[in-house]
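1. Here is the input, now give the coordinates:
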Amino acid sequence: MFGSSRARVWLTTGTALLMLSAGVLVRPVPARADVGDCDPTVRAFGFSSTQVAFGDSPTLTWDIQVPDGCGTVFELSGNTRESFDQFVGAQGSIIVTPAMLSFGVNDWDMSLTLPNNSDLSWHVGNSVTVTMPAAKPPGSTVTISDDSVRSRVDFVSGVMASHATVRIAGNVNLDLSSLESIPVAAGVQILGDRSVNAAGPRIFTRTVPRQLLKVGDNSDDVRVSGIRLEGGESDDPFSGVGPRDSDGIGVYASQHVEIDHDELYHWRGAGVNVHDGNGNNSADYLGRLNQDTVDDPANARNVWVHDNYIHHNQHPSAVNCLDGGSHAGGYGVVATDGAYVKIERNVFNWNRHSIAGDGSYGTGYVARDNLILQDGGVHFKCVDHEDLPDLLLNPFAVGYDIVKQVLDAGNIYHTHAIDMHGVGSCGHFNSDHNCHQAGEYMDIEDNTILYTAGNGIHLRGTPVLASSSPPDAKIGMDVKDNVFAHTVHDGGYITTGAMTQNEVGLHDLGNTLGLNTFSDRKRCDFDGDTVPDDFIATGIGWWYASSLLAGRWVFLNRSTTRVTGVTLGDVDGDHRCDVTANGTVLHNPDPQVRTVSPGAVTTVYGEPVSLDLFASGGTPGYTWTVTGLPPGLSASPAGHISGMPSSGSSSTVTAQASDSHGRTSGFSFVWSFNARVPGVQGADQATAQNAIAAAGLSSTVSNNDDCASPGDVEIQNPLGGVSVPFGSSVQLTVSTCGGGGGDGGDGGGGLPK
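-> Okay, the predicted model is just below:
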């Protein structure tokens, strides 16, 4: 079901227009001024099919007859799934995918209107209906192994199926451009394989969806883990200036949603936007993501965003501040419409705000053990205006002299890293969302904030207790035991500081200012790839920069011990460095499941098999899935392979281990067979050859006319008990008497014994 997304195709002859509701522009070049003599005739204009399956695209074909001298070259441009701009002839065709397909309505119209210089007009065209893919059966396992259109369809139909598991291979780059608000059903697990690519597979869009993945409403028990989810923006913050936000993952009133070990970037709205239905800002509204769910120790009813790398989510308000600017967005994680979210152990960089809230009743978050790096906070850019009349005529001029004092060398104004919006505008400079009600409760603890270009934390109004909150609900913004690189405590619009509030409600408890240990480092191999990784101790947490993740920072432990107080080394022998401080060893947990292939396996045909597969890392409690085993063999969920092979043919076996959180690792190997040569010396020829065949071998026979033991095998090569490749030949020498000759093993030619 796709929403109507009508772009336009224009064909102009002088002032005449052809309009196609398709997102493309057709313009003849050049056109004569005498419009009356240049009316084109539309001989064909339409689509190859009025009904297409999801994942397919119709072909737009046109045939326009234009009088001589009126131009026969047209400019075709627009924004479909891939933007294009090209010159075409009066006849041609192009495959068209609309710029945005929203789940909800599944058709769009393509029409052509051709007015001329009189009141006459012609209309041709058709309506194209997209058939939605059917959801997979509940509980399905869907494997995305390549970047094809088929994989695109499988991904969508998989995430629409309740309690489905969608596994994405680590080398996949899946293009979901043109899609919007893909519904993720309850119980769905979207799991990226990080055994091949530690950063995980990439899912991306080149269009600007309102949100790409939509979890909800009430889609409980969803997990998105181990993927790179990329929006359509670039690293340049000013590429995102404009009115429309775009979120990577939108969560709507859904509990037990876990978003972990992902990379979320290039979204001009938010990497993760959590909603709870209170769009009208009612104090009486009781949603599903409330204060009594956010700090549940088991995260049983919470939206939990943890151990992610969230960066370059930017949406400044203006390239030129004197133009007044427009809407600004660009958040790492944001709580809206009465939602609470738990945000832990993430790394933030180059976001406009790393963590934010919209200020509505019942809105809040718990943010702990996060690392906010130095960059980002880009809010707008000014130009160097020396022309006083221009300044006086501009409504922004009153604040310009103030603002220019805090612009950086690039004339950029930087905003704060963490906030809770106010819901009001107060009628003064920079008043937007900077007063009145500002959410309910925010718990900001044990974070490292190295960003200093703007304020660290900004409470932009006064937290208010919603009437629907539990009796023991807290109120305010607790800022506790964080480490700030800021040397100034109280920030403002000119001087940046660790924290600031417009009204009241911020509680400052045990924070450390002026501490930046980012350049104080030791090195050790924490991720097990033999390459030493940088280690930092921020004064509240330990982190290492994983070489497997191209330097992405990974959380190790909460600790106030600094670099000089720790010893690094592999204590437990798992080839990953551990940290020793104050006599206590922190064993470095491997977040990834690791599996070890047994290599090429060769066993003996006809003999029992016993082989155990090995996994480590992740969260123990591994479940193995093994396919391609030779006939007669089977594997238990614990990874034990056993049985008696009933065929000696080699097989390619694929094995995959999943830990208790669904993280996976796997491998493939070849299983081949040897055969045990039976000892047949002294046996008659027929008995010997039957025994050799039963062992999976062949035989050749030569005779020795010595009358020693006519008809019996005197010599065999190889000897009995030797293991040889399955199907090999055993050479037999059989005793004969009276000149009988060997005949290849049929037992004839000799005297009977």
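
2. Pull stretch 494-510 out as PDB, backbone CA atoms only.
-> Taking C-alpha atoms only, stretch 494-510 is exported to PDB below (Å, rounded to 0.1, in the frame of the first residue of the first chain):
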ATOM      1  CA  ILE A 494      27.500  34.000  24.200                       C
ATOM      2  CA  THR A 495      29.600  31.900  26.600                       C
ATOM      3  CA  THR A 496      29.300  28.100  26.200                       C
ATOM      4  CA  GLY A 497      29.200  26.000  29.400                       C
ATOM      5  CA  ALA A 498      28.500  22.500  30.700                       C
ATOM      6  CA  MET A 499      24.800  23.200  31.300                       C
ATOM      7  CA  THR A 500      22.200  25.900  31.100                       C
ATOM      8  CA  GLN A 501      18.500  26.300  31.900                       C
ATOM      9  CA  ASN A 502      16.100  29.000  30.800                       C
ATOM     10  CA  GLU A 503      13.800  28.500  33.800                       C
ATOM     11  CA  VAL A 504      14.100  26.000  36.600                       C
ATOM     12  CA  GLY A 505      14.300  22.200  37.200                       C
ATOM     13  CA  LEU A 506      17.900  21.300  36.400                       C
ATOM     14  CA  HIS A 507      19.600  19.400  39.300                       C
ATOM     15  CA  ASP A 508      23.400  19.400  39.200                       C
ATOM     16  CA  LEU A 509      24.900  16.500  41.200                       C
ATOM     17  CA  GLY A 510      28.600  15.500  41.300                       C
END
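
3. And it, how far out from the chain middle?
-> On the basis of C-alpha atoms, centre = their mean, to the nearest Å, stretch 494-510 sits 35 Å off its chain's mean C-alpha point.

4. That one - what's its average pLDDT?
-> Summarised as a single mean, pLDDT over stretch 494-510 is 94.

5. Residues in contact with it: which ones?
-> 402, 405-406, 414, 416, 422, 434-436, 438, 449, 452-463, 475-481, 484, 486, 488-492, 511, 513 (C-beta atoms under 8 Å, 6 or more residues apart in numbering). Bear in mind the C-beta positions are built from the backbone N, C-alpha and C, glycine included.

6. Where strands are concerned, which of these count?
-> 414, 449, 457-459, 476-480, 484 (DSSP state E).

7. Type out the PyMOL command that picks the buried ones from those residues.
-> Filtering those down to the buried ones (16 or more other C-beta atoms under 10 Å) takes a single PyMOL command:
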select buried, resi 414+449+457+458+459+476+477+478+479+484
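
8. quick one: buried residues of stretch 553-561?
-> 553-556, 559.

9. returning to what we had before: kindly write the ChimeraX command that selects the buried subset of the contacts of stretch 494-510.
-> Typed into ChimeraX, the line below selects the buried ones among those, using 16+ other C-beta under 10 Å:
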select :406,414,416,422,434,435,436,438,449,452,453,454,455,456,457,458,459,460,461,462,463,475,476,477,478,479,481,484,486,488,491,511,513
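
10. could I get the buried residues of stretch 553-561 as CSV with pLDDT?
-> Shown next, in CSV, are those (pLDDT from 0 to 100):
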residue, pLDDT
553, 97
554, 96
555, 96
556, 95
559, 97
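
11. and the residues you listed, which of them are in strands?
-> Filtering these for strands - DSSP E - leaves 553-556.

12. Where does pLDDT dip in the chain?
-> 1-40, 69-88, 97-128, 297-300, 322-325, 384-405, 427-431, 739-753 (pLDDT under 70).

13. tell me the domain ranges of it?
-> 9-131, 208-509, 523-586, 593-674, 677-735 (automatic domain parsing).

14. For residue 287, which non-adjacent residue is closest in space?
-> Using C-beta to C-beta, 6 or more residues apart in numbering and skipping residues adjacent in sequence, the residue nearest residue 287 is residue 276, 3.6 Å away.

15. what does whichever strand or helix holds residue 258 contact?
-> Using DSSP states H and E, residue 258 falls within strand 257-260. Residues outside strand 257-260 that contact it (C-beta under 8 Å, 6+ apart): 215, 219-225, 249, 251, 272, 299, 302-308.

16. Centre of the chain to it, how far?
-> That offset, for strand 257-260, works out to 12 Å (C-alpha atoms, centre = their mean).

17. swap in stretch 201-213?
-> With C-alpha atoms, centre = their mean, you get 10 Å for stretch 201-213.

18. What of stretch 235-245?
-> For stretch 235-245, the distance to the chain centre is 21 Å (C-alpha atoms, centre = their mean).

19. can you give me the end-to-end distance of that stretch?
-> Between the opening and closing residues of stretch 235-245 lies a distance of 16 Å (C-alpha to C-alpha, to the nearest Å).

20. does residue 687 count as helix, strand or coil?
-> helix (DSSP: H, G, I helix; E, B strand; the rest coil).

21. Give the closest residue to it in space, chain neighbours not counted.
-> Closest to residue 687 by C-beta to C-beta, 6+ apart is residue 680, at 7.3 Å.

22. By residue count, which strand of the protein is the longest?
-> The chain, longest strand under DSSP E: strand 664-676.

23. Buried residues in it, which are they?
-> 664-667, 671-676.

24. quick revisit: switch the buried residues of stretch 553-561 over to CSV; also include distance to residue 443.
-> Formatted as CSV, those follow (distance: C-beta to C-beta, whole Å):
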residue, distance to residue 443
553, 22
554, 23
555, 18
556, 22
559, 20
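
25. Which of the residues you listed sits closest to residue 543?
-> Ranked by distance to residue 543 (C-beta to C-beta), the buried residues of stretch 553-561 are led by residue 553 at 4.7 Å.

26. That closest one contacts residue 347, correct?
-> Yes. Under the contact definition of C-beta atoms under 8 Å, residue 553 touches residue 347, with a separation of 4.8 Å.

27. where do the contact lists of these two overlap?
-> Common neighbours of residue 553 and residue 347 (C-beta under 8 Å, 6+ apart) are 309, 371, 373.

28. Of these, which is the most crowded?
-> In terms of neighbour count, residue 371 stands highest of these at 25 neighbours, by other C-beta atoms under 10 Å.

29. give me the beta-bridge partners of that one?
-> Applying DSSP bridges to residue 371 gives these bridge partners: residue 347, residue 448.

30. And the longest strand of the chain, how far out from the chain middle?
-> That offset, for strand 664-676, works out to 31 Å (C-alpha atoms, centre = their mean).

31. out of the buried residues of stretch 553-561, which one sits closest to residue 684?
-> Looking across the buried residues of stretch 553-561 and measuring by C-beta to C-beta, the closest to residue 684 is residue 554, at 70.7 Å.
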